Every structure is written in structure tokens, then in C-alpha cells.
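Peer 1: sequence-free structure coming up:
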């Protein structure tokens, strides 16, 4: 990753050490991780963190989307992004499906890009709460359109 250093795992440990006034924390450095590997690692770590802030997950989703759009072969289907991050399940037929986190991030990003949802409204929310907010915005607009047609 050039001359940059990124933390793939241990964010909480580093933050706890900082708060405790420690100036050093033992770490393992891998200089052979490319952007794709970092996205996979961060996606899996964040995807397993059930209390993760939704905006952190959304930022990970956006980074993976940008990577998929730029890296050959260029892919920007939602399922491709979910696969990269490890945010998918396999159904009975053996087909990959986006998990709840991937679906929530994908829907939220669409609403944000269309100007229908403010990113700040998702701050501090869990995945479950963010999914509810996304559903609320979508259903509210559907009801408003139906009322306008009557």
C-alpha cells in the first residue's frame, strides 16, 4: 500500500491503549497487503463486529464499491461487493445472496446518493436500526406517492 500504514485488526486495542496513556502497542506489520486484501480483512472484521457503528460499515461498503469499479475486471454489482467483503450468505440452491449488512449498506448508499437520506441520520446506529431507517424512508416515500396519485 505504498508508504501508508493501515490498521487491519485491533482498532479497539489501539484505542484502549491510547486512552490508558500508553505510547506504544505491540503490533505485527505485513507489508504485502494490497488494497483488495485490506478490504477483505476490514470487511470481515467489521462484518463480525455486531455492535459496529453503521457509518463505519457504510464507509467500508463505499471503499469496496470504488475498488470494484476501478480494479479489473471492473465489477460494481452489489453481490460482487458483498463477496469481496465477505458479507454474503449462500441459499439452499447454492447461490450467493447479500447478507443483512450488505443489503442495508447498499440501500442506504442508494438513498444517500439520490439525496433521499442524510448520512448524518445514520450516525451511531446499529445495522438493525439503520435497516429500519432505510425501510422507513423508502416506505414513507411510497406512501406519499400513493397519496399523490389518489
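Peer 2: Good, I have the coordinates. Computed from a prediction, not measured in an experiment: that's the story for all the values here.
Peer 1: in the protein, which helix or strand is least confident?
Peer 2: Within the chain, no helix or strand scores below helix 35-48, which has a mean of 75 by mean pLDDT, DSSP states H and E.
Peer 1: tell me which residues in whichever helix or strand comes after that helix are buried?
Peer 2: Counting by DSSP states H and E, the next helix or strand C-terminal to helix 35-48 is helix 54-70. For helix 54-70, the neighbour count (16 or more other C-beta atoms under 10 Å) marks 54, 55, 57, 58, 60, 61, 63, 64, 65, 67, 68 as buried. For the C-beta atoms, the positions are set from N, CA and C on the backbone; glycine is no exception.
Peer 1: The fourth one and residue 81: what is the separation?
Peer 2: What it means is residue 58. From residue 58 across to residue 81, the span is 12 Å (C-beta to C-beta, to the nearest Å).
Peer 1: Taking helix 54-70 as reference, get the angle to the least confident helix or strand of the chain.
Peer 2: Between helix 35-48 and helix 54-70, the angle comes out at 150 degrees (axes from the mean of the first three to the mean of the last three C-alpha atoms, to 10 degrees).
Peer 1: which stretches of the protein aren't confidently modelled?
Peer 2: Along the chain, the model assigns pLDDT under 70 to residues 1-9, 11, 30, 47-51, 150.
Peer 1: Show me where it has its helices.
Peer 2: 11-19, 35-48, 54-70, 78-85, 100-113, 127-149 (DSSP state H).
Peer 1: so how far is the third one from its chain's centroid?
Peer 2: What it means is helix 54-70. In terms of C-alpha atoms, centre = their mean, to the nearest Å, the centre of helix 54-70 is found 6 Å from the chain centre.
Peer 1: Show me what that helix is packed against.
Peer 2: Counting by 3 or more C-beta pairs under 8 Å, 6 or more residues apart in numbering; DSSP states H and E, the packing neighbours recorded for helix 54-70 are helix 35-48, helix 78-85, helix 100-113, helix 127-149.
Peer 1: Point out the most buried one among these.
Peer 2: helix 78-85 (a mean of 22; mean count of other C-beta atoms under 10 Å).
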